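[1] from the sequence below, what's the structure:
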Amino acid sequence: MRTRSPHARRLAALIVAALAGAALVAPDGSTSAPQTDRAVVGFESNAELADALKRFPGAKIVRRVPHMKTVEVELPGRAEDLHGLRGIDYSHRLRLRSTKAEPALTAMYRPGLPYEWQYVATRVSEVPEDVLRAASTVKIAVVDTGLDATHPDLAAKSPETWDIVHRRPGVLDRDGHGTFVSALAAGSVSNGDGVAGFAGDAQLLMVKAVGAEGSFSDVDEAAAIVYAVDHGAKIINLSIGGVGASALEARAIEYAATRNVLIVAAAGNEHEQGNPVEYPAAALQPVGSRGQGGFGLAVAASTMAGKRASFSNTGTQISLAAPGENVFGAVAAGSSSEYWPRSPLPGATRGLYGWSSGTSFSTPEVSGAAALVWAANPALTAQQVAGILKSTASGHGRWNPRLGYGVIDVAAAVASARGQSVDPRVQAGSWLTVHRVAHRSVRAAHLSGKLRRVSLAVHLRSSRPTVTPDYRMVTLQVRRGASWHRLARRTTRLGGGIRWTVGLKPGRYVVRAVYHGRWDLRAAIRLKPVVVR
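    Have a look, this model is predicted:
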């Protein structure tokens with residue numbers, strides 16, 4: 001064996017030492033050691049990507065996103081340093097996304113209201129049985145924190161599962177968010193236990209996309225979207241969001257849209273923290289669109305009164321809304337009781353339940369509603385499904401930056417998909433009855449005559465037994481000349497009843513009761529006034 005001379009060995013050692021002590025030269029000519037960055041890089045071809053990365057010694061491809069011509073790269077430098085290089089479409093740092101949940105404002109059951117008030121308020125309870133069954137042909141993918149597959153409302157669906165980050169079927173939900181979302185979107189309606197989801201018999205696919213830090217990146221999200229599309233999902237639910245647009249996110253959304261898949265995303269809960277524009281919602285319903293067009297639906301949160309929830313973001317990117325304040329749903333067995341307070345559900349034999357708030361939970365309600373619309377008319381395109389949900393919402397075709405086209409009306413949307421002309425204001429029937437109970441006279445020192453105390457019994461009723469008329473504000477009015485004036489105002493009790501006692505001077509009065517309407521009940525007026533003498 002031939003050996004090198006001592007002089008050669010010394011020269012080699014000096015060269016190694018010199019190289020070790022020298023700073024690397026960065027692509028911009030700087031001799032300072034570049035910091036490592038994670039970049040999302042879109043490229044034209046593998047060869048051009050390889051050529052671009054040669055400029056960054058030590059650059060390493062961490063992950064590839066199928067079909068997207070996009071990679072996640074660990075880079076000795078800044079993500080922006082790849083801008084303008086041949087064959088590179090875009091390069092930016094990872095965009096972080098988080099779940100859009102808020103603590104419930106109350107954990108108490110309100111007498112007279114269904115636990116699942118959101119189910120009744122959006123009229124899912126009136127969707128025909130055959131549509132609920134037909135939804136079995138529609139698959140909803142939920143991209144989230146995982147799923148408690150042992151929960152009875154979800155176990156009955158035998159959901160498909162996949163962890164996109166760790167590439168395994170196990171999707172244990174330690175957070176609880178994904179379980180709550182999944183049950184709202186597609187919890188079983190036929191297992192005879194617990195609560196019902198919005199999507200009837202629709203199939204459920206859970207794609208867990210939580211990274212090492214417990215948050216989502218746009219790479220996780222895009223990979224999950226592609227997986228869901230490739231595995232037959234017609235609807236993809238994204239109850240996540242964050243600031244900053246992502247070119248990769250937009251590319252994944254376009255991939256879904258070109259395959260007739262509808263994506264539904266949460267508009268965000270940061271209205272009181274500056275009301276930022278959040279993505280992917282704004283990638284689906286672009287800023288400035290005022291609910292028109294787009295690739296999907298950006299969902300705001302409404303209250304029991306059909307108003308915007310205080311936390312719900314506003315803006316020209318809002319498509320429509322659904323109940324998101326104090327909604328009731330399934331709680332994962334392994335989740336924290338601090339973040340997911342449990343509440344007993346009468347009649348439930350297994351499973352945990354509770355209340356929570358957020359646009360995270362408005363979103364799966366819309367996803368479930370979309371499944372029912374598609375079940376009612378499978379020939380519809382994704383954009384037509386979105387258009388029907390908008391046109392039949394509570395805004396009746398009028399858009400505003402708080403709730404978009406309004407709160408969804410699922411029964412009206414299903415009827416519209418079937419070609420039926422339905423005015424949801426007429427469908428939501430209610431009426432008032434008023435009759436006099438008793439009267440008596442009392443003296444009043446400051447009046448020249450007598451006051452007559454008249455007791456009136458008022459009842460608000462609904463044409464649908466599933467809708468409760470309890471806790472609705474009703475106004476008692478008196479006619480003076482050609483106009484009506486408010487005499488009293490009160491909230492109905494259990495059963496929709498009110499008892500009023502009003503003081504009137506001697507004379508003839510014409511009074512009526514008026515209910516101005518809210519979510520599930522049409523406005524009602526006692527058309528035949530009551531004459532009080």
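[2] got the domain boundaries for this protein?
    32-93, 98-104+111-418, 430-532 (automatic domain parsing).
[3] show me where the stretch 151-300 of the chain has its strands.
    Along the stretch 151-300 of the chain, counting by DSSP state E, counting those that start in this stretch, strands occupy 160-163, 203-208, 216-217, 235-238, 240-241, 262-266, 296-302.
[4] what sits against Val530?
    When contacts are counted by Cβ atoms under 8 Å, 6 or more residues apart in numbering, Val530 touches 434-436, 456, 510-512. For the C-beta atoms, the positions are set from N, CA and C on the backbone; glycine is no exception.
[5] for ChimeraX, what selects the buried ones among the residues you listed?
    In ChimeraX, a selection of the buried entries from the contacts of Val530 looks like this (16 or more other Cβ atoms under 10 Å):
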select :434,456,511,512
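[6] quick check: the two most widely separated of the contacts of Val530?
    Using Cβ to Cβ, the pair of the contacts of Val530 lying farthest apart is His435 and Val510, separated by 14.1 Å.
[7] go through the strands of the stretch 151-300 of the chain and name the closest to Arg251.
    Using Cβ to Cβ, the strands of the stretch 151-300 of the chain put strand 262-266 closest to Arg251, at 12.9 Å.
[8] and the closest one, what's buried?
    262-266.
[9] rewinding a little: now render the domains of the chain as TSV, adding mean pLDDT.
    Converted to TSV, these look like this (pLDDT from 0 to 100):
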stretch	mean pLDDT
domain 32-93	87
domain 98-104+111-418	92
domain 430-532	76
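[10] any idea which of these is most buried?
    Highest mean neighbour count of those: domain 98-104+111-418, a mean of 23 (counted as mean count of other Cβ atoms under 10 Å).
[11] sorry, back to before: mind checking which of the contacts of Val530 are in strands?
    434-436, 456, 510-512 (DSSP state E).
[12] could you dump the residues you listed to JSON lines with distance to Arg251?
    Listed next are the ones in strands among the contacts of Val530 as JSON lines, based on distance: Cβ to Cβ, whole Å:
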{"residue": "Val434", "distance to Arg251": "61"}
{"residue": "His435", "distance to Arg251": "65"}
{"residue": "Arg436", "distance to Arg251": "69"}
{"residue": "Leu456", "distance to Arg251": "64"}
{"residue": "Val510", "distance to Arg251": "66"}
{"residue": "Val511", "distance to Arg251": "64"}
{"residue": "Arg512", "distance to Arg251": "59"}
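[13] pull the contacting residues for the residue most central in space within the chain.
    The residue lying closest to the centre of the chain (Cα atoms, centre = their mean) is Thr363, at 1.8 Å. For Thr363, the contacting residues are 100, 181, 237-239, 264-266, 299, 322, by Cβ under 8 Å, 6+ apart.
[14] from those, pick the one nearest Val385.
    Once Cβ to Cβ is applied, the member of the contacts of Thr363 that ends up nearest Val385 is Val264, at 10.1 Å.
[15] the closest one and Glu365 touch, don't they?
    No: applying Cβ atoms under 8 Å, one finds Val264 not in contact with Glu365, separated by 9.4 Å.
[16] rewinding a little: what is the nearest of the buried residues of strand 262-266 to Gly176?
    The closest of the buried residues of strand 262-266, once distances to Gly176 are taken by Cβ to Cβ, is Ala266, at 16.2 Å.
[17] the residue nearest to the centre of the chain and Ala321: what is the separation?
    From Thr363 across to Ala321, the span is 10 Å (Cβ to Cβ, to the nearest Å).
[18] what sits in contact with each of those two?
    Val299.
[19] didn't Val410 look like it was pressed against Thr122?
    Yes: at 5.1 Å, Val410 counts as touching Thr122 under the criterion of Cβ under 8 Å.
[20] which neighbours do these two have in common?
    By Cβ under 8 Å, 6+ apart, the residues touching both Val410 and Thr122 are 198, 369.
[21] skipping adjacent residues, who's closest to Ser394 in space?
    Taking Cβ to Cβ, 6 or more residues apart in numbering as the measure, Ser394 lies nearest to Gly406, with 3.4 Å between them; neighbours along the chain are not counted.
[22] is Val73 in contact with Gly58, as I believe?
    No: using Cβ under 8 Å, Val73 makes no contact with Gly58, being 10.8 Å away.
[23] so Arg350: helix, strand or coil?
    coil (DSSP: H, G, I helix; E, B strand; the rest coil).
[24] name the nearest residue to it, ignoring sequence neighbours.
    Going by Cβ to Cβ, 6+ apart, Arg350 has Pro152 as its nearest residue, at 4.9 Å.
[25] host element of Arg97?
    strand 96-99 (DSSP states H and E).
[26] how about the secondary structure of Gln384?
    helix.
[27] all helices of the stretch 301-450 of the chain, in order?
    Using DSSP state H, counting those that start in this stretch, the helices of the stretch 301-450 of the chain run over residues 359-376, 382-391, 410-417, 424-427.
[28] check the gap between Ala413 and Ser188 for me.
    21 Å.
[29] no wait, Asp220
    For Asp220, the distance to Ser188 - Cβ to Cβ - is 28 Å.
[30] cool, and Phe198?
    Distance from Phe198 to Ser188, by Cβ to Cβ: 12 Å.
[31] next: Gly291.
    32 Å.
[32] got it, and Ile61?
    42 Å.
[33] just Gly358 next, same as before
    Going from Gly358 to Ser188 by Cβ to Cβ gives 23 Å.
[34] related to what we said a few turns ago, and the residue nearest to Ser394, what does it touch?
    Gly406 touches 320-321, 393-396, 398, counting by Cβ under 8 Å, 6+ apart.
[35] quick check: which of the helices of the stretch 301-450 of the chain is nearest to Val65?
    helix 382-391 (21.7 Å).
[36] not counting its own residues, what contacts the closest one?
    Contacts for helix 382-391 (Cβ under 8 Å, 6+ apart): 234, 257, 260-262, 291, 294, 296-297, 319-320, 366, 369-370, 373-374, 380, 397, 404-405, 408, 413, 416-417.
[37] just the closest of the ones in strands among the contacts of Val530 to His83, please.
    Nearest to His83 among those, with distances taken as Cβ to Cβ, is Arg512, at 69.1 Å.
[38] surely the closest one and Ile525 touch.
    Yes: taking Cβ under 8 Å as the definition, Arg512 is a contact partner of Ile525 at 6.5 Å.
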